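Enquirer: from the sequence below, what's the structure:
(2 chains)
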Amino acid sequence: MTKLDSKIPEGPIQDKWTNYKNHIKLVNPANKRAIDVIVVGTGLAGGSAAASLAELGYNVKAFCYQDSPRRAHSIAAQGGINAAKNYQGDGDSTYRLFYDTVKGGDYRSREANVYRLAEVSANIIDQCVAQGVPFARDYGGLLDNRSFGGVQVSRTFYAKGQTGQQLLLGCYSAMSRQIGKGKIKMYNRHEMLDIVKVDGKARGIIARNLVTGEIERHSAHAVVIASGGYGNVFFLSTNAMGSNVSAGWKVHKKGAFFANPCYTQIHPTCIPQHGDQQSKLTLMSESLRNDGRIWVPKKKEDAEAIRAGKLKPTQIAEEDRDYYLERRYPSFGNLVPRDVASRAAKERCDAGYGVGTNETGEAVYLDFSSAIMRYGKEQANIQHIHNASEAKIRELGVDIIEKKYGNLFQMYEKITADDPYKTPMKIYPAVHYTMGGVWVDYNLMTTIEGCYAIGEANFSDHGANRLGASALMQGLADGYFVLPYTIGDYLANDIRTGEISTDLPEFVAAEKEVTDRINFFINNKGTKSVDYFHKRLGKVMWNKVGMARNAKGLTEAIAEIKEIREEFWKEVKVPGSADSMNPELEKAGRVADFLELGELFARDALLREESCGGHYREEYSTEEGEAMRDDEHFTHVSAWEYKGEPADAVLHKEPLNYENIELKTRSYK
Amino acid sequence: MSTANGLNLTLKVWRQKNDKVKGQMETYQVSDISPDSSFLEMMDILNEKLINEGGDPVAFDHDCREGICGSCSMYINGEAHGPGREITTCQLHMREFKNGETIYIEPWRAKAFPVIKDLVVDRGAFDRIMAAGGFVSVNTSGNTQDANAIPIPKADADKAFDAATCIGCGACVASCKNSSAMLFVSAKVSQFALLPQGKVEAKERVLNMVQQMDDEGFGNCSNTGACEVECPKGISLDNIARMNREYLSASFTADKK
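Expert: Down below sits the predicted model:
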């Protein structure tokens, strides 16, 4: 049995990473040319890792299922990226970013990893600026910042509401440079379908060419999984349609432990669902909570009238509005962390105050009217307009809001046909990010030797809840500044190995497994489409393993998911052939993995008998509805070992030791 | 869903098995489509119907479905990304169509974008143009200078940002009667030309990227401006003008052989 060793370096927390770097083995430039590394996924983590490893001199083979590495879903991140630069002089520091992240994660992350993340965060901004990433600047030409949930400083760098896009294009540029040199061999429209282990070490992958259907063997001295999160297990989420767990799940099935699957982030500000045919949900950036105020009507009859379409939000008087976040959490107000904001929205809607006019009735308002007037007055002063009329003030204010959030407002209007400058946005929580993922040690190596997991695909830095603008930070930290060091320490032992042959029996066996499964799907004479099963799984996940969980619901979910999975293998229908482009075949493979993960996810949630971060168990909450942790029994990482059926998975615990931060009840009141 | 105002539509969809065989338009009916559905959700409904009837679903590129990844690429009723300005296909909603309407759906058409299957085309040419010079040559050592060491005038930073918002979808090429890629290439050239970080390699960049663009078989620009009209991100023609200036000056002054 594998023993979990997190391999955290000795010494005081602020010296660990420096000491570590000073003592690792290095690979000299000539030897790097003889070493191959596979990177699966080209988002911020995978893209930055591929570019950096190629710059160092390794031969990189990068894989993505999209038609170009530039399309990975990091591109959709809107709000920003955190870094402890303290450009605003508002008291920020490495320690404070570290502290905020650990606290925000509800004390369920690994201290040493988080400290390292905070430590390298400032380098990320320097690096991106050097690459030509056009961050927002102030009139003096210096970089601008804004604030995000769960913190009291302004440390978020941004590029309007398209920060993820700009950072990813930076990565993609860096990759393109290496592709041009031939140091990265790029495999677009390829999907990894299995990992190949030789003598216990990760030595390659089996991939399917999504254009020709060809099954290919690729060998390397190390394999890096950077395939993102698994939010699409809920069917509806803010993830891209193709986002999936398969790369992570395949390595899990071959020996990598899967950690904290139940830690999922439900983002509070998404556009509510419109109906049953909906394919995905759209996020409205957390940055909007800098200026938007969240409310529902104080009176139930007003909420009912709104739902019936008889009343408009703008007709509700100020004193009849319940700004429930400001009421419940005066010190953080609308900028409480995501998990807190989401639960508060659900609480109001469940109590009958929801304002959704869609079938579900679930929505709350995000209102910019006071921000518009505030900015308008400020502008009137700046422009020396005395006795400005209300209409003029509004006009000036709208102009400022447009500059700050224009693209988000436009996106909202396109989807809903409502004008958010005139009427409040309607929002509701939706699945957004998964903190859980493949277990890794301090080196970002999984429990398979030579197999690494970075970015959202791993579990390490965000504990039970991720703070806004920290996903971009972690992805780039892992890829640009952490993995390039840690992987060298491992690859130093491989300088004499030589090229790995893809004719080894291990490759043959893995390929056969993959081909058999594909043939099964194509030949199965089922009656129901892949989406039919995916939607059913999603409903169970959302209703019983979603924002509020309890033992009864979770137990039911485990049985129901197993049932759906068994039916899937009997009844799934995949049209077309295996030897051509076949999107339905791709989906079938991904949903098959989600159907296994979903059950493990529910089991993990059932066993964690406490509430922490995004994991909220109704049985473990205070009378005011706040989450109640159980530090005595659950200050640990739950890492699952694959043993066949999800019901047979074996739980391993990595204790979390807090040496620098005292565990406290998280309070944003 | 709301049957009262559901839409019944006739779809004429381009079907093509692969790049070796000829394609043709096929006709399909979909019914009771909610006006709140997105265009791609309507395509999902069509595909679900085709699968249930034992047919072959229509292949199309899509991923983020929020207008930023640049995957989706449908030519709808003779317009890239369909009716509406500054939107991608995935942001198009069915409320833009009338009950009983016939909708024509085709792939991007350009020599440099060969059809892979149905509505899916190969845009690899864009990646190769990027690999020819769409970057600043800086290693990720972490030893670069402080991000605030070089102040950049806000107006320049904003203009660079506007150019950098290109999503690489290819609507500009599909809309252009010459299948020119000038808007795409000029957006990247402009972003770097406007920033001090990009200045160092500006000449080689523009020469190399334009060379690659020509090698890929894109047509020439005749300043018609259809690309700007159909661009989902509103990338301005000013970028083409800037790239022409950059190119002209580089071709006279660069140290290139």
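
Enquirer: contacts, neighbours, all on C-alpha from now
Expert: Will do.

Enquirer: poorly predicted segments of chain A, please.
Expert: A:1-2 (pLDDT under 70).

Enquirer: grab the most central residue of it for me.
Expert: With distances taken as Cα atoms, centre = their mean, chain A has A:Y433 as the residue nearest its mean C-alpha position (3.3 Å).

Enquirer: which residue is the nearest non-sequential neighbour of that one?
Expert: Using Cα to Cα, 6 or more residues apart in numbering or on different chains and skipping residues adjacent in sequence, the residue nearest A:Y433 is A:Q265, 5.0 Å away.

Enquirer: shouldn't the one you found be within a strand?
Expert: Yes. Assigned with DSSP: H, G, I helix; E, B strand; the rest coil, A:Q265 falls within a strand.

Enquirer: which residues are in contact with it?
Expert: Taking Cα atoms under 8 Å, 6 or more residues apart in numbering or on different chains as the criterion, A:Q265 is in contact with A:338-339, A:431-435, A:465-466, A:614.

Enquirer: of all the residues you listed, which comes closest to chain B?
Expert: Distances from chain B to those, taken as Cα to the nearest Cα, are shortest for A:H432 (12.7 Å).

Enquirer: and that closest one, that's in a strand?
Expert: Yes. Applying three-state DSSP, one finds A:H432 inside a strand.

Enquirer: any idea how far A:L56 is from B:L7?
Expert: 56 Å (Cα to Cα, to the nearest Å).

Enquirer: one more: A:K25?
Expert: Separation of A:K25 from B:L7 (Cα to Cα): 65 Å.

Enquirer: ok, A:I564 next?
Expert: Separation of A:I564 from B:L7 (Cα to Cα): 32 Å.

Enquirer: name the nearest residue to residue 99, sequence neighbours excluded.
Expert: With no chain named, the answer covers chain A. Distances taken as Cα to Cα, 6+ apart put A:I661 closest to A:Y99, at 7.2 Å, once the chain neighbours are dropped.

Enquirer: I was thinking of chain B, sorry if that wasn't clear
Expert: Using Cα to Cα, 6+ apart, the closest residue to B:N99 is B:L7 (4.7 Å).

Enquirer: the one you found pairs with what?
Expert: For B:L7, the beta-bridge partners are B:I33 (DSSP bridges).

Enquirer: ok, now A:K61?
Expert: A:I38, A:K185.

Enquirer: list the helices and strands the longest helix along chain B packs on?
Expert: Secondary structure of chain B per DSSP state H: the longest helix is helix B:238-253. The contact analysis (3 or more Cα pairs under 8 Å, 6 or more residues apart in numbering or on different chains; DSSP states H and E) places helix B:238-253 against helix B:182-193, helix B:202-215.

Enquirer: try it again with 10 Å
Expert: Counting contacts by 3 or more Cα pairs under 10 Å, 6 or more residues apart in numbering or on different chains; DSSP states H and E, helix B:238-253 packs against helix B:154-164, helix B:182-193, helix B:202-215.

Enquirer: how does chain A divide into domains?
Expert: A:270-429, A:510-631 (automatic domain parsing).

Enquirer: so for A:M192, which of the ones you listed sits nearest?
Expert: Between A:M192 and the domains of chain A, the tightest spacing by Cα to Cα is seen for domain A:510-631, at 10.1 Å.

Enquirer: surely the residue nearest to the centre of chain A meets A:T264?
Expert: Yes. At 6.1 Å, A:Y433 counts as touching A:T264 under the criterion of Cα atoms under 10 Å.

Enquirer: mind listing the shared neighbours of these two?
Expert: A:229-231, A:465-466 (Cα atoms under 10 Å, 6 or more residues apart in numbering or on different chains).

Enquirer: could the residues you listed go into JSON lines alongside neighbour count, distance to A:D92 and secondary structure?
Expert: Formatted as JSON lines, the shared contacts of A:Y433 and A:T264 follow (neighbours: other Cα atoms under 10 Å in any protein chain shown; distance: Cα to Cα, whole Å; DSSP: H, G, I helix; E, B strand; the rest coil):
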{"residue": "A:G229", "neighbour count": "27", "distance to A:D92": "29", "secondary structure": "coil"}
{"residue": "A:Y230", "neighbour count": "30", "distance to A:D92": "32", "secondary structure": "coil"}
{"residue": "A:G231", "neighbour count": "26", "distance to A:D92": "32", "secondary structure": "helix"}
{"residue": "A:N465", "neighbour count": "32", "distance to A:D92": "21", "secondary structure": "coil"}
{"residue": "A:R466", "neighbour count": "28", "distance to A:D92": "19", "secondary structure": "coil"}
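
Enquirer: which ones among those come in contact with chain B?
Expert: Residues of those in contact with chain B (Cα under 10 Å from any Cα of the partner chain): none.

Enquirer: which one among those gets closest to B:I87?
Expert: Closest approach to B:I87 among those (Cα to Cα): A:G231, at 25.8 Å.

Enquirer: do you know how far the residue of the stretch 201-350 of chain A found nearest chain B is from A:A380?
Expert: Residue of the stretch 201-350 of chain A nearest chain B, by Cα to the nearest Cα: A:A240 (4.0 Å). Applying Cα to Cα, the value for A:A240 to A:A380 is 42 Å.

Enquirer: so which of these two has more stuff around it?
Expert: Taking other Cα atoms under 10 Å in any protein chain shown, A:A240 and A:A380 do not tie; A:A240 has more neighbours (25 against 18).

Enquirer: what's the spacing between that one and B:L9?
Expert: Distance, A:A240 to B:L9, by Cα to Cα: 27 Å.

Enquirer: try B:P35
Expert: In terms of Cα to Cα, B:P35 sits 12 Å off from B:L9.

Enquirer: between these two, which contacts overlap?
Expert: Residues within reach of B:P35 and of B:L9 at once, by Cα under 10 Å, 6+ apart, are B:97-99.

Enquirer: so who does residue 247 touch?
Expert: You didn't pick a chain, so chain A it is. So A:A247 contacts A:40-41, A:191-195, A:205, A:225-228, A:457, A:590, A:593 (Cα under 10 Å, 6+ apart).

Enquirer: you answered for a different chain; I wanted chain B.
Expert: B:189, B:202-208, B:210, B:241, B:253-254.

Enquirer: what residues of stretch A:91-98 count as buried?
Expert: Neighbour-count burial for stretch A:91-98 flags A:92-98 (criterion: 16 or more other Cα atoms under 10 Å in any protein chain shown).

Enquirer: typed the wrong thing, it's stretch A:124-139
Expert: In terms of neighbour count (16+ other Cα under 10 Å), stretch A:124-139 has its buried residues at A:124-137.

Enquirer: coming back round to it: ok, A:K25 and B:L7, which is more surrounded?
Expert: Each of A:K25 and B:L7 has its neighbours counted (other Cα under 10 Å); B:L7 has more, 20 against 16.

Enquirer: in this structure that one contacts B:S31, no?
Expert: Yes. Between B:L7 and B:S31 there is a contact under Cα under 10 Å: 6.0 Å.

Enquirer: list residues touching both of those two?
Expert: Taking Cα under 10 Å, 6+ apart as the contact rule, B:L7 and B:S31 both touch B:99-100.

Enquirer: what separates the residue sitting nearest the centre point of chain B from B:I68, distance-wise?
Expert: In chain B, the centroid-proximal residue (Cα atoms, centre = their mean) is B:C169; its distance is 1.9 Å. Per Cα to Cα, B:C169 is found 9 Å from B:I68.

Enquirer: check A:D276 too.
Expert: 24 Å.

Enquirer: and those two? Which one has more around it.
Expert: A direct count of neighbours by other Cα under 10 Å for A:D276 and B:I68 places B:I68 higher, at 28 against 11.

Enquirer: tell me the pLDDT at the more buried one?
Expert: On the pLDDT scale, B:I68 is placed at 96.

Enquirer: could you verify my assumption that it touches B:K233?
Expert: Yes. Assessed by Cα under 10 Å, B:I68 is found in contact with B:K233 at 9.0 Å.

Enquirer: what is in contact with these two at once?
Expert: Joint contacts of B:I68 and B:K233 (Cα under 10 Å, 6+ apart) are B:87-88, B:165-168.
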